[in-house]
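Enquirer: Fold the following, please.
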Amino acid sequence: MTATAARILTAARARGLRIATAESCTGGMLSAALTDLPGSSDVYDRGYITYSNAAKIDMLGVSPETLATYGAVSEGVAVEMAAGALHHSGAGIALSITGIAGPGGSDHKPEGRVCFGLAMRGHATRTETVEFGPLGRENIRQAATSHALALIAAALS
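Expert: Coordinates of the predicted model:
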């Protein structure tokens, strides 16, 4: 993950972009991966850890209607989390993560389902859902963090 984070920071510097993150199931792991590197403060703007629905609403402006209709683990919420992080920060790119790290889940929303949102100023917000499967809580969180880093790196390349 360190090599990907380093590439992200270099690419963001080159493009004059700052980065914001909005995390739920990873609880700050993406923020930590980006700030583990010295000098990241010139690129990393801020991170929101919005574990509860109330935090998603209060800090990022996620719509209560979206939460009620689709649930916290949905591309609809991932879009609004990423857009909210972009809007409330000085960043030019924001990545959101919301998912079910487990244990548990349901037939409708199984353990290992993680939704991502990527917002960049001047571009439409993109989403995707990855089914990591029941890998166990720590492995799902690590996989989601790695995937998020790959999404940011691809967007900046």
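
Enquirer: Now do the same for the residue nearest to the spatial centre of the chain: its pLDDT.
Expert: Centroid-nearest residue in the chain, with CA atoms, centre = their mean: residue 96, separated by 2.3 Å. The model reports residue 96 with a pLDDT of 98.

Enquirer: Can you classify it by secondary structure?
Expert: Classification of residue 96 into helix, strand or coil gives strand, according to DSSP: H, G, I helix; E, B strand; the rest coil.

Enquirer: Just to check, it is in contact with residue 86?
Expert: No. At 9.5 Å, residue 96 does not count as touching residue 86 under the criterion of CB atoms under 8 Å. Placement of C-beta: from N, CA and C, glycine included.

Enquirer: Please identify every residue contacting each of those two.
Expert: Counting by CB atoms under 8 Å, 6 or more residues apart in numbering, the contacts common to residue 96 and residue 86 are residue 119.

Enquirer: where's residue 81 relative to residue 132, distance?
Expert: From residue 81 over to residue 132 the distance is 19 Å, taken as CB to CB, to the nearest Å.

Enquirer: between these two, who's got more neighbours?
Expert: Neighbour tally, residue 81 and residue 132, criterion other CB atoms under 10 Å: the higher count belongs to residue 81, 34 against 22.

Enquirer: List the contacts of the more buried one.
Expert: Taking CB under 8 Å, 6+ apart as the definition, contacts of residue 81 comprise 22, 24, 48, 50, 56, 60, 62, 96, 98, 117.

Enquirer: If we use 10 Å, what do you get?
Expert: Neighbour list for residue 81: 21-24, 48, 50, 56, 59-62, 66, 72, 94-98, 115-117, 119, 125, 127 [criterion: CB atoms under 10 Å, 6 or more residues apart in numbering].

Enquirer: Show the buried residues in the residues you listed.
Expert: Restricting the contacts of residue 81 to buried positions leaves 21-24, 48, 50, 56, 59-60, 62, 66, 72, 94-98, 115-117, 119, 125, 127, with burial counted as 16 or more other CB atoms under 10 Å.

Enquirer: Can you list the neighbours in contact with the helix or strand hosting residue 57?
Expert: Residue 57 belongs to helix 53-60 when elements are defined using DSSP states H and E. The set of residues external to helix 53-60 that reach it, using CB under 10 Å, 6+ apart, is 22, 24, 48-50, 52, 62-64, 66-68, 71-72, 77, 80-88, 94, 96, 98.
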